[in-house]
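1. Sequence first, then the predicted structure, then my questions.
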Amino acid sequence: NAGVTQTPKFQVLKTGQSMTLQCAQDMNHNSMYWYRQDPGMGLRLIYYSASEGTTDKGEVPNGYNVSRLNKREFSLRLESAAPSQTSVYFCASQTSRGQGNEQFFGPGTRLTVL
Amino acid sequence: GENVEQHPSTLSVQEGDSAVIKCTYSDSASNYFPWYKQELGKGPQLIIDIRSNVGEKKDQRIAVTLNKTAKHFSLHITETQPEDSAVYFCAARGGTGGFKTIFGAGTRLFVKA
């Protein structure tokens, strides 16, 4: 099992450009999440998908959109990138919506917006 | 909504000493408290967790304690080793936030050989 994979690992964008961050998990998990990590602020939830076909906003959804393509894949799109979106992005998955289940994280995508 | 505060932000200890990281949470209905370790260039990885019906849990050199009344939980690492050097995050889940996990800001632990 590869666990949670993310592509790309690094990306540099100019302000106003768009891009999609890809995430896939091979653990047959129902729930998937996108977080951003900024220095001194921990991980903040952007969007999540409790199950295939559903998506919901997290703490910091503005400027992002998501697609739960199928049970395995959950993508994050930046339509018009801004310097404030410079961050490290992590995708995570979890077995169910249950409150006591471990989240498994991908290796992250480091995004710089100039 | 839930808020999790974590202290200290940086902790430096000598190899073999103990390290303690403390967190407080605001939502008294939260019922699951995981701790994650993040090594440089990697994603966070769960190292231990505790549920609200338990006061303490131990796994080899690491232990977590929970005080529901004070809404406080702590991570204890004994006999620290250089490979324990990493960033540690506490988190809280449940309550009004449902299954959303709210993370603390992180503690960077340095273990000096």
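-> Great, that's in hand.
2. quick one: residue B:76 and residue B:17 touch, right?
-> No. Taking Cβ atoms under 8 Å as the contact criterion, residue B:76 and residue B:17 are not neighbours in contact, 11.6 Å apart. In short, each C-beta sits where N, CA and C put it, glycine included.
3. Of these two, give the one with the bigger neighbour count.
-> Neighbours around residue B:76 and residue B:17, counted as other Cβ atoms under 10 Å in any protein chain shown, are more numerous at residue B:76. The numbers are 17 against 13.
4. for the residue lying closest to the more buried one once chain neighbours are set aside, phi and psi?
-> Excluding the flanking residues, the one nearest residue B:76 by Cβ to Cβ, 6 or more residues apart in numbering or on different chains is residue B:63, at 4.6 Å. Note on residue B:63: its backbone torsions stand at phi -150, psi 150 [degrees, to the nearest 10].
5. Repeat that for residue A:76.
-> Here the main-chain torsion angles of residue A:76 (degrees, to the nearest 10) amount to phi -120, psi 130.
6. burial of it, as a residue count?
-> Around residue A:76 there are 22 residues (other Cβ under 10 Å).
7. Relative to chain B, how far out is it?
-> 15 Å (Cβ to the nearest Cβ, to the nearest Å).
8. And for the residue in chain A that chain B sits nearest to, nearest residue in space, chain neighbours not counted?
-> Each residue of chain A has a distance to chain B, by Cβ to the nearest Cβ, and the smallest belongs to residue A:105, at 3.3 Å. Once flanking residues are discounted, residue A:105 sits nearest to residue B:43: 3.3 Å by Cβ to Cβ, 6+ apart.
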